[in-house]
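S.K.: Everything below, folded, please.
(2 chains)
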Amino acid sequence: MDIQISPNKQSSWFSRALLKGYLGRGLLLLLGLLVAIRLGTELFHNPQLFVQQIVNGLQLGFVYALIALGYTMVYGIVRLINFAHGDVFMVGAFVSYFAVSRFRLHLWLNSVAPQLPNALTLLVGTISVILLSMFVCVLLGVTIERVAYKPLRDAPRIAALITAIGVSFFLEYFGALNFVFTPNFTTYQRPFEVTTWYIKNGIHRLPANTQPPSGSILFSNILVIIIITSIFLVTLLQFIVRRTKIGKAMRATSFDKPTARLMGIPVDTVISVTFAIGSALAGAGGVLYAIAFPQVFFWMGIIPGLKAFVAAVLGGIGSIPGALVGALIMGQAEALSAGYISTPMRDAIAFSLLIIVLLIRPTGIFGEPEREKA
Amino acid sequence: MKLKVDRSALGFFGIAITFYVITQTLISLGVLNDFWMTLLRFGAVLAMVSLGLNLIYGFNGQFSLGQYGFYAIGAYSAADVTYRWTQLHSASGLVVLLLGVAFTGLFFLGVGNLLKRLPRMDTLSAFGLYVIGTILAGLLAVLLGKLFIPPITKLLLFIPEAIAAQIVFLFAVLLAGVLTAEVAFLFGLPVLALGSDYFGIATLGLTIIVKVLLDNSDTMFGFQEMKGARGMVGIPQLSSWFWVFLFLMLMILIARNLLHSSYGRAIISVREDEIAAKSMGIDVTHYKTLTFIMGSTFAGLAGGIYAHINGFLHPDIFNFIKSFDPLIIVVFGGLGSITGTIAAAFGIYMVLEGVLRLILPQGFETWRYVIYPMLLLVMMLLRPKGLFGTFEVPFLRQLLPPPLRKSPGSLENDHKVISPVLPTSEGG
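M.R.: Numbers count the residues shown, from 1 in each chain, chains lettered A, B, ... in the order given. Here you go, the predicted model:
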């Protein structure tokens, strides 16, 4: 077929502009410019508030990153959108709730060695609570994989997706039963006291029950803990995937499953390990989320899970740095749109951002272009 | 061969009409109480939505989670029209929606013609043009609508009240369907170019965006009667079993005839192998868009009917968690099986909301959502191809057209059923 490639000589400037795709790009540019101007004026008018929103966004973004990593790893290996992941996150939060509020496990060091300083006890206690949640979530994640996904490995992909939705519903509604997690909101008791600092001419500690001086930027030890834990876990994950033998096996399996099996890689074990790692990260994310927003609820996994999933897609699903970057972008988008555009609209804005990014880069920011089917 | 098709059609319509007559008599006699009646109608509406999804996903292989978004658009737009008529006695909703839909359609045709003269145009630019056209059409409809509202209101007031309500209802549902089709076209234009999973995620985004917009419909968009997150009340309950059944039958027929035409074969070929279909000269984008619009329109029409069953709408009804329902139904019944979809829609709804509610002891109602996912799991593990697989009742079963030149060996292949294979792992 002979399609005319170059525009006609006699065509107007309008049709030529249309042909080159200036209109679409122009509209997108206009949209981006509007957002930039809005944010820019806010930054100019009230820089402290702007930075404060960024800090809030960071806190959210790092929690999303932990969940998004699980999504992205599982998708990268078995091409399955694991809808039950958000509920594993919820279970992680509940495990820490029971550990802290009911059994006071975060004080275990105190009963072993009471002479140690309080801060050290709490630090070790918090870390052990996180580890406990991660452990329970690993068990849960591997069980889910064995029961619900493994028998369907050769079935059409949609069957596994439906079981994922089924597992998600099961965890939610089973959790909502009265003798499990109850269908109510429960206040979460943090394992440590919140300490707030403010930044104004240097970092000062904010005494309890006082107002911070105007024009200062607040941050708390929650933010510090979230960022340190997330960065540590992401680095550990990157190390596992890039430097260890199992990581190598994971990459090979994700690249080509049948060939990996031919090369002697135990594909089923690798998939289980992937689910285990993803669930562990989700468990840690659940604890951190509950610490940041002290409330646990049987449906709490859905919205963060979805946002994290969107973050994974935004960054390019299957890519670990992509998940981190996507999650940070999602956190910022949510905090900034809640702060400057409209709080009730923030979910719509996050999803519009996703759709726009997908239109420009169809496989996400760090995603590799899809390989053509042979 | 002609006789055979006729007989299957006769059987199908015979069963359908008998079913309708029986249920209608039971309703008139008061045997079927309100509870079961409502369940039956909700089941039918869910069947319509799932049928639309089956077109998109089961037959065309496009993984869409946006069905409930379109459902919500249809429900709210139809409800707004009838609400304005019965509660405010003004035809403003009807007139503005009619004009808006008509102008948007005209603009779309105009832009489409322009695009035909400019092939190779960037999708985003085309999308931009369409969006500009839609906005202009909307403004024009609101401006011109002011002229037409009083005469049309007077005209409708002239007709007996009950008949006028039915007319407004019918128009509202149909216009809601057309509006949904236009939204689906506009949304599908850029998004359908994405790969399978990404398309699913983008449509999931649509569902969530629509829900959030409806949550803020009164505060940010000025639709006071929709009452935002408080839920819309006072919608006339006009969806009788007659209308519900009629629409369901029409949709089954439309879906069946579409799939049995050459269009249908093209649609299925896109599902089987996009690249092969393209190399056979099939315009893949065209058929994807067409199916997406058809399926979404079904959802929109179903929404219009749904709104008038209970007379109550709330954005949470269209929550994205619920948007998995049609997907579950379609897979449960069997991808690419109209019979399976209808049976699964009624079956799941009746069992979940009806039977389990009755047989579970007092205080254990919440357990039905624990049982349901377990059933789903067991079902998927035992029959991953769905309850009905690709089974169809004879009337809906697809026959290949007889070969043009009959060779002696191909006689028994006359009525070969196309073996609809499930979409295998796409996008991998």
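S.K.: If we ignore the residues flanking it in sequence, what's nearest the residue of the stretch 201-350 of chain A found nearest chain B?
M.R.: Nearest to chain B, among the residues of the stretch 201-350 of chain A, is residue A:348, at 4.0 Å (CB to the nearest CB). Using the backbone N, CA and C atoms, a C-beta is placed for each residue, glycine as well. In space, and not counting its chain neighbours, residue A:348 is closest to residue B:212: 4.0 Å by CB to CB, 6 or more residues apart in numbering or on different chains.
S.K.: And the average pLDDT for the helix or strand encompassing the one you found is what?
M.R.: Secondary structure assignment for residue B:212, by DSSP states H and E: helix B:196-215. Averaged across helix B:196-215, pLDDT comes to 90.
S.K.: quick one: secondary structure of residue B:237?
M.R.: The assignment at residue B:237 comes out as coil when based on DSSP: H, G, I helix; E, B strand; the rest coil.
S.K.: Could I get the pLDDT score of the nearest residue to residue B:214 once chain neighbours are set aside?
M.R.: Excluding the flanking residues, the one nearest residue B:214 by CB to CB, 6+ apart is residue B:315, at 4.1 Å. With respect to pLDDT, residue B:315 scores 91.
S.K.: Residue B:315 contacts residue B:211, correct?
M.R.: Yes - counting by CB atoms under 8 Å, residue B:315 does reach residue B:211; the two are 5.2 Å apart.
S.K.: Touching both of those two, which residues are there?
M.R.: residue B:72 (CB atoms under 8 Å, 6 or more residues apart in numbering or on different chains).
S.K.: what packs against the lengthiest helix in chain B?
M.R.: For chain B, the helix reaching the highest residue count under DSSP state H is reported as helix B:123-158. Contact partners of helix B:123-158 among helices and strands, from 3 or more CB pairs under 8 Å, 6 or more residues apart in numbering or on different chains; DSSP states H and E: helix A:22-45, helix B:92-117, helix B:161-191.
S.K.: let's see it at 10 Å
M.R.: In terms of contacts (3 or more CB pairs under 10 Å, 6 or more residues apart in numbering or on different chains; DSSP states H and E), helix B:123-158 is packed against helix A:13-19, helix A:22-45, helix A:346-360, helix B:67-88, helix B:92-117, helix B:161-191.
S.K.: got the angle between the fourth one and helix B:196-215?
M.R.: Inter-element angle recorded for helix B:67-88 and helix B:196-215: 20 degrees (by axes from the mean of the first three to the mean of the last three CA atoms, to 10 degrees).
S.K.: cool, the second one as well?
M.R.: Using the same axes, to 10 degrees, the inter-axis angle of helix A:22-45 relative to helix B:196-215 is 60 degrees.
S.K.: and the helix or strand of chain B at the bottom of the mean pLDDT ranking, which residues are buried?
M.R.: Within chain B, no helix or strand scores below helix B:356-359, which has a mean of 78 by mean pLDDT, DSSP states H and E. For helix B:356-359, a neighbour-count test (16 or more other CB atoms under 10 Å in any protein chain shown) marks residue B:356 as buried.
S.K.: Please state the offset of it from the chain centre?
M.R.: Taking the mean of its C-alpha atoms, helix B:356-359 sits 29 Å from the chain's own mean (CA atoms, centre = their mean, to the nearest Å).
S.K.: Output the contacting helices and strands for it.
M.R.: Where contact means 3+ CB pairs under 10 Å, 6+ apart, helix B:356-359 is packed against helix B:34-53, helix B:368-382.
S.K.: Between those helices, which one is closest to chain A.
M.R.: Closest approach to chain A among the helices and strands packed on helix B:356-359 (CB to the nearest CB): helix B:368-382, 3.8 Å.
S.K.: do the closest one and chain A meet?
M.R.: Yes - residues of helix B:368-382 contacting chain A under CB under 10 Å from any CB of the partner chain: B:368-382.
S.K.: Just the buried ones among those residues, please.
M.R.: Judged by 16+ other CB under 10 Å, buried ones among the residues of helix B:368-382 next to chain A: B:368, B:369, B:370, B:371, B:372, B:373, B:375, B:376, B:377, B:379, B:380.
S.K.: returning to what we had before: and the helix holding residue B:212, what does it pack against?
M.R.: Under the contact definition 3+ CB pairs under 10 Å, 6+ apart, helix B:196-215 sits against helix A:157-175, helix A:302-315, helix A:346-360, helix B:67-88, helix B:161-191, helix B:284-310.
S.K.: If we use 7 Å, what do you get?
M.R.: helix A:346-360, helix B:67-88, helix B:161-191 (3 or more CB pairs under 7 Å, 6 or more residues apart in numbering or on different chains; DSSP states H and E).
S.K.: what is the orientation angle of it with helix A:157-175?
M.R.: Using the same axes, to 10 degrees: helix B:196-215 against helix A:157-175 is 40 degrees.
S.K.: Listing partners with orientation, what would you give for the following helix or strand past helix B:196-215?
M.R.: Next in sequence after helix B:196-215, counting helices and strands by DSSP H and E, comes strand B:232-233. In the sheet, strand B:232-233 lines up against strand B:312-313 (antiparallel) (DSSP bridges).
S.K.: got a list of contacts for the strand it pairs with?
M.R.: B:75, B:76, B:79, B:231, B:232, B:233, B:235, B:307 (CB atoms under 7 Å, 6 or more residues apart in numbering or on different chains).
S.K.: okay, the residues you listed in CSV with neighbour count and pLDDT next?
M.R.: Formatted as CSV, the contacts of strand B:312-313 follow (neighbours: other CB atoms under 10 Å in any protein chain shown; pLDDT from 0 to 100):
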residue, neighbour count, pLDDT
B:75, 30, 95
B:76, 26, 94
B:79, 27, 93
B:231, 13, 87
B:232, 24, 89
B:233, 14, 89
B:235, 25, 90
B:307, 35, 93
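S.K.: Let me see the ranges of the helices in the stretch 301-428 of chain B.
M.R.: Under the criterion DSSP state H, counting those that start in this stretch, the stretch 301-428 of chain B contains helices at B:324-333, B:338-349, B:356-359, B:368-382.
S.K.: near chain A at all, the first one?
M.R.: Looking back up the chat, that one is helix B:324-333. Yes - Helix B:324-333 lies within reach of chain A by CB under 7 Å from any CB of the partner chain, at B:324, B:328, B:331.
S.K.: Please tell me the pLDDT value assigned to the residue nearest to residue B:193 when sequence neighbours are not counted.
M.R.: Nearest in space to residue B:193, with sequence neighbours left out and distances taken as CB to CB, 6+ apart, is residue B:123 at 6.1 Å. Looking at residue B:123, its pLDDT reads 78.
S.K.: Okay, angle between the top helix by length along chain A and helix B:196-215 too, please.
M.R.: When chain A is parsed with DSSP H, its longest helix is helix A:47-78. Between helix A:47-78 and helix B:196-215, the angle comes out at 140 degrees (the same axes, to 10 degrees).
S.K.: just checking, what packs against the next helix or strand after helix A:47-78?
M.R.: Later in the chain than helix A:47-78, the nearest helix or strand by DSSP H and E is helix A:85-97. Judged by 3+ CB pairs under 7 Å, 6+ apart, helix A:85-97 is in contact with helix A:47-78, helix A:118-144, helix A:157-175, helix A:267-292, strand A:295-296, helix A:302-315.
S.K.: now with 10 Å?
M.R.: Using 3+ CB pairs under 10 Å, 6+ apart, the elements in contact with helix A:85-97 are helix A:47-78, helix A:118-144, helix A:157-175, strand A:186-187, helix A:267-292, strand A:295-296, helix A:302-315.
S.K.: Quick one: mean pLDDT for the fourth one?
M.R.: I take that to be strand A:186-187. 88.
S.K.: what helices or strands is the next helix or strand after it leaning on?
M.R.: Per DSSP H and E, the first helix or strand lying C-terminal to strand A:186-187 is strand A:196-199. Under the contact definition 3+ CB pairs under 10 Å, 6+ apart, strand A:196-199 sits against helix A:47-78, strand A:203-206, strand A:217-220, helix A:221-243.
S.K.: please redo it, this time with the cut-off set to 6 Å
M.R.: The contact analysis (3 or more CB pairs under 6 Å, 6 or more residues apart in numbering or on different chains; DSSP states H and E) places strand A:196-199 against strand A:203-206, strand A:217-220.
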